[in-house]
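Q: Structure of the sequence below:
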Amino acid sequence: MDLASALELGEEECVSFVGAGGKKTAMAELVREGTERNRSVGYTTTTHMPPPDIPLVVAHGSEIVGRVQDHTPPVAFASRWVDDPERVPEKVRGFEPGTIDSLVGTFDWLVVKADGARQREFKTPGVDEPVVPDRTTLVVVVASVQAVDRPLTAKRVHRPELTADLAGLAVGDRLTPGAAGAVLASEDGWSQEVPNGSEAVVMVNKADSRSARETATTVVEQTLSRSSRFAHGLVTSFRTGTWDRIDP
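A: Numbers count the residues shown, from 1 in each chain. Predicted coordinates:
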């Protein structure tokens with residue numbers, strides 16, 4: 001089984017990745033798998049992103065449809081370069097959700113980075129986050145097991161105060177698997193950002209060892225037991241190439 005199969009991707013999908021701890025890696029994997037399956041794949045963002053390792057088109061929203069269609073997929077597209085980006089040498093700005101909605105159907109699979117996490121392992125969305133296109137067919141909520149059973153601090157968690165509030169913890173407390181699952185399942189968290197008609201999957205990533213897989217499995221199970229919004233869950237390790245599916 002590959003990631004696309006674990007996500008149950010069909011012939012035409014718009015997949016929006018939110019959360020922390022593996023969005024860009026998962027998107028790159030779907031580009032690879034889609035290319036192997038002779039699927040046309042587009043890659044973009046509603047926020048910012050480092051340029052991926054595929055051809056990149058940079059153009060204004062009114063021009064992007066025609067520009068993208070002139071390129072053989074896979075292709076990434078963005079609206080402009082970011083001046084003096086933080087944390088990475090280069091970064092591009094994406095598009096408003098409506099522009100991305102207009103490109104659904106141009107590709108077999110359109111993968112969208114719909115959230116930022118400042119390279120942390122876990123996050124809770126802020127008031128204006130994430131920015132998910134309306135025509136998204138699947139929302140993948142990503143979290144890294146590397147934040148679990150560790151202190152809930154800014155070192156690993158983006159906006160730790162928000163996560164602490166939903167978890168009923170204080171900043172600095174241990175983020176237990178149950179607490180992580182409660183945050184991922186919360187109606188004030190990710191599930192409220194899933195467009196009507198879209199499915200959602202929770203993916204707990206970086207489960208690179210047996211103990212990490214056990215912890216990640218507990219997080220997924222805790223999430224699914226608290227929310228009916230997720231179709232299923234995944235425990236993943238891109239290092240070992242494993243994608244374990246967990247059903248509600």
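Q: What does the residue lying closest to residue 69 once chain neighbours are set aside show for phi and psi?
A: Spatial nearest neighbour of residue 69, excluding adjacent residues (CB to CB, 6 or more residues apart in numbering): residue 106 at 6.7 Å. Every C-beta, even on glycine, is put in place using the N, C-alpha and C of the backbone. Main-chain dihedrals, residue 106, degrees, to the nearest 10: phi -70, psi -30.
Q: dump the residue contacts of residue 106.
A: Contacts for residue 106 (CB atoms under 8 Å, 6 or more residues apart in numbering) come out as 40, 42, 65, 68-69.
Q: Try it again at 10 Å.
A: Contact analysis of residue 106 by CB atoms under 10 Å, 6 or more residues apart in numbering lists 40, 42, 64-65, 68-69, 73, 75, 77.
Q: same thing with residue 119?
A: By CB under 10 Å, 6+ apart, the residues touching residue 119 are 20-21, 24, 87-88, 158.
Q: In this structure, what residue spans correspond to strands?
A: Remark: strands assigned in the chain by DSSP state E are 13-19, 41-45, 48-49, 56-58, 75-78, 80-81, 92-93, 109-113, 122-123, 138-144, 157-158, 199-205, 232-237, 242-246.
Q: Export the ones you listed to JSON lines and append columns for mean neighbour count, mean pLDDT and distance to residue 1.
A: Shown next, in JSON lines, are the strands of the chain (neighbours: other CB atoms under 10 Å; pLDDT from 0 to 100; distance: least, CB to CB, whole Å):
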{"stretch": "strand 13-19", "mean neighbour count": "26", "mean pLDDT": "97", "distance to residue 1": "17"}
{"stretch": "strand 41-45", "mean neighbour count": "27", "mean pLDDT": "98", "distance to residue 1": "19"}
{"stretch": "strand 48-49", "mean neighbour count": "20", "mean pLDDT": "94", "distance to residue 1": "27"}
{"stretch": "strand 56-58", "mean neighbour count": "17", "mean pLDDT": "96", "distance to residue 1": "30"}
{"stretch": "strand 75-78", "mean neighbour count": "24", "mean pLDDT": "96", "distance to residue 1": "26"}
{"stretch": "strand 80-81", "mean neighbour count": "12", "mean pLDDT": "96", "distance to residue 1": "38"}
{"stretch": "strand 92-93", "mean neighbour count": "18", "mean pLDDT": "95", "distance to residue 1": "32"}
{"stretch": "strand 109-113", "mean neighbour count": "28", "mean pLDDT": "98", "distance to residue 1": "17"}
{"stretch": "strand 122-123", "mean neighbour count": "30", "mean pLDDT": "96", "distance to residue 1": "26"}
{"stretch": "strand 138-144", "mean neighbour count": "27", "mean pLDDT": "97", "distance to residue 1": "16"}
{"stretch": "strand 157-158", "mean neighbour count": "26", "mean pLDDT": "95", "distance to residue 1": "30"}
{"stretch": "strand 199-205", "mean neighbour count": "25", "mean pLDDT": "97", "distance to residue 1": "14"}
{"stretch": "strand 232-237", "mean neighbour count": "24", "mean pLDDT": "98", "distance to residue 1": "10"}
{"stretch": "strand 242-246", "mean neighbour count": "18", "mean pLDDT": "95", "distance to residue 1": "6"}
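Q: nearest to residue 165, of these?
A: Ranking these by proximity to residue 165 (CB to CB) places strand 157-158 first, at 12.0 Å.
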